[in-house]
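**Student:** next comes the sequence, and after it the predicted model I'd like to discuss.
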Amino acid sequence: MKKIIALLLAMIMALAMGSTALAVNEDVEGELVIYSSMYQFVIDMMDEALKAEFPNLVPGNDGSFFFYGGTSSLITKIYGEMETGSLGCDMMLVAEPAFSLELKDAGYLQPIEIENPDTLLRFPYDEEGYWYPVRVCNMVLAYNPEMEADWAAKGVTIPKTFKDFASDPALKGLISMGNPLTSGTTYAAVASLTQDDHYGKEFLEGLAANEVMIESGSTALTKLQTGECAAIMILEESVLKVLKEAADAGNPITNLKCIYPEDGVVLIPSTVMTVAEEHSKNVNIEACEAVEKWLLSEEAQKLILNGYMHSVFAGMKEIPYESVDTDGLIEKDLGVDWENAFRNREAINTAWTEIVTTK
């Protein structure tokens with residue numbers, strides 16, 4: 001009899017263990033589409049993890065949960081869809097919070113309740129639950145350490161600040177950066193650096209006088225390594241990715257390094273948003289809530305770190321490959337007035353166009 005009871009107990013325990021081994025969110029069903037500006041390799045990691053975590057949730061974009069686009073192109077797409085009152089997605093992961101403020105203001109977002117966000121997160125979030133930070137991009141400068149002496153011999157000092165990057169005349173024709181009209185993170189950096197409490201329009205005037213080259217990050221990195229540029233303004237993650245891939249291939253490189261500007265970095269906490277039910281593609285708020293909560297899980301935040309971005313978790317000591325302490329970066333963050341970036345988007349873009357690109 002004792003043997004039978006023991007056997008039954010063992011069976012019950014085995015069944016219990018088997019049930020907990022199943023995906024936590026196996027009851028989440030329906031279809032889901034997420035608009036995202038994350039790099040494709042990060043999207044691929046997220047896609048794989050979401051399919052494992054939500055086995056009965058259907059990826060709504062040709063086998064993927066994600067529809068990729070640069071932040072500015074996604075914003076343009078969403079503006080067009082807003083004219084019909086219905087978006088082609090259920091959630092969004094875009095590069096800068098200003099657009100979150102805009103969509104909340106327009107009534108296009110659904111609030112989601114996250115447990116204890118004030119202790120969970122070290123970056124701002126919407127207190128009503130309309131958006132939360134998920135990943136943190138970091139705008140920095142970069143240079144080629146192998147050519148620093150060569151540049152010095154030519155009278156060129158590698159800039160240690162954003163101010164010098166834009167204003168040192170010795171850098172004329174030797175600097176490169178992204179386009180704020182197409183890149184959300186570059187827009188956020190320009191919005192920050194041109195605030196009245198930072199450098200104002202003088203920053204743009206300096207860029208114009210220095211004949212800054214406006215190009216993609218990959219092009220800028222190549223020019224930096226070949227000596228066509230002395231310094232570039234770029235996302236930290238773009239530099240770290242190149243360094244890590246080279247190291248993994250057994251060919252570590254020494255001609256590329258980040259500069260964390262002495263006048264401050266620009267941290268850009270990219271947000272997750274759920275589209276209000278009446279405006280969403282698949283009307284699947286329960287799934288959106290589950291995915292949004294998963295994005296603020298330890299598993300998802302580890303993927304963010306693997307994507308060379310910083311975690312939003314308070315107390316998270318891990319950092320992206322070859323980066324520096326996140327809390328230390330927060331202390332020297334120049335900050336972005338996101339309300340200004342939202343309300344004055346057209347004015348900021350116009351100033352950029354008139355001062356920099358028509359120089």
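**Tutor:** Everything's here; your move.
**Student:** ok, now which ones touch Met92?
**Tutor:** 34-36, 74, 78, 103, 271-273, 275 (CB atoms under 8 Å, 6 or more residues apart in numbering). Where you see a C-beta, it was placed from the backbone N, CA and C, and this is true even at glycine.
**Student:** now do 7 Å
**Tutor:** Taking CB atoms under 7 Å, 6 or more residues apart in numbering, we find Met92 in contact with 34-35, 273.
**Student:** of those, just the buried ones, ChimeraX syntax please.
**Tutor:** This is how ChimeraX selects the buried members of the contacts of Met92, with burial counted by 16 or more other CB atoms under 10 Å:
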select :34,35,273
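**Student:** looking at the contacts of Met92, which is nearest Gly129?
**Tutor:** Met273 (10.3 Å; CB to CB).
**Student:** picking that back up, so which of the contacts of Met92 are in strands?
**Tutor:** 34-35, 273 (DSSP state E).
**Student:** closest one of those residues to Ile232?
**Tutor:** Using CB to CB, these come closest to Ile232 at Tyr35, 28.0 Å.
**Student:** from Leu93, how far out is that closest one?
**Tutor:** From Tyr35 over to Leu93 the distance is 7 Å, taken as CB to CB, to the nearest Å.
**Student:** likewise for Gly85?
**Tutor:** In terms of CB to CB, Gly85 sits 22 Å off from Leu93.
**Student:** those two: who's more crowded?
**Tutor:** Leu93 (24 against 9; other CB atoms under 10 Å).
**Student:** in a helix, the more buried one, correct?
**Tutor:** No - per DSSP: H, G, I helix; E, B strand; the rest coil, Leu93 lies outside any helix segment and is strand.
**Student:** chain neighbours aside, what residue packs nearest to it?
**Tutor:** By the measure of CB to CB, 6 or more residues apart in numbering, the closest residue to Leu93 outside its immediate chain neighbours is Ser36, 4.2 Å from it.
**Student:** so where do the strands sit in the chain?
**Tutor:** Under DSSP E, the chain gives strands at 30-32, 34-36, 57-59, 66-68, 91-94, 132-143, 175-177, 213-214, 231-235, 257-259, 266-274.
**Student:** nearest to Gly206, of those strands?
**Tutor:** strand 175-177 (9.9 Å).
**Student:** mind listing the strands the closest one pairs with, and their directions?
**Tutor:** strand 213-214 (parallel), strand 231-235 (parallel) (DSSP bridges).
**Student:** which residues does it contact?
**Tutor:** 165, 186, 210, 212-215, 220, 223, 229-233.
**Student:** widest-spaced pair of those?
**Tutor:** Thr186 and Ala230 (19.2 Å).
**Student:** can you give me the helices in the stretch 151-300 of the chain?
**Tutor:** Under the criterion DSSP state H, counting those that start in this stretch, helices of the stretch 151-300 of the chain are mapped to 162-167, 184-193, 201-209, 217-226, 236-248, 285-295, 298-306.
**Student:** buried sites along the third one?
**Tutor:** What it means is helix 201-209. Buried, per 16+ other CB under 10 Å, within helix 201-209: 203-209.
**Student:** adding pLDDT, write those residues out as TSV.
**Tutor:** Shown next, in TSV, are the buried residues of helix 201-209 (pLDDT from 0 to 100):
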residue	pLDDT
Phe203	98
Leu204	98
Glu205	98
Gly206	98
Leu207	98
Ala208	98
Ala209	97
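**Student:** redo these as TSV? Include distance to Thr161.
**Tutor:** What follows is the buried residues of helix 201-209, written out as TSV (distance: CB to CB, whole Å):
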residue	distance to Thr161
Phe203	11
Leu204	16
Glu205	16
Gly206	12
Leu207	14
Ala208	18
Ala209	16
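**Student:** determine which two of those are furthest apart.
**Tutor:** Pairwise distances across these (CB to CB) peak at 11.0 Å, for the pair Phe203 and Ala209.
**Student:** please identify the nearest residue in space to Pro97, excluding sequence neighbours.
**Tutor:** Trp338 (4.8 Å).
**Student:** show the pLDDT at the one you found.
**Tutor:** Looking at Trp338, its pLDDT is 97.
**Student:** could I get the pLDDT score of Thr71?
**Tutor:** At Thr71, pLDDT is 87.
**Student:** hmm, I typed the wrong one, I wanted Met11.
**Tutor:** 45.
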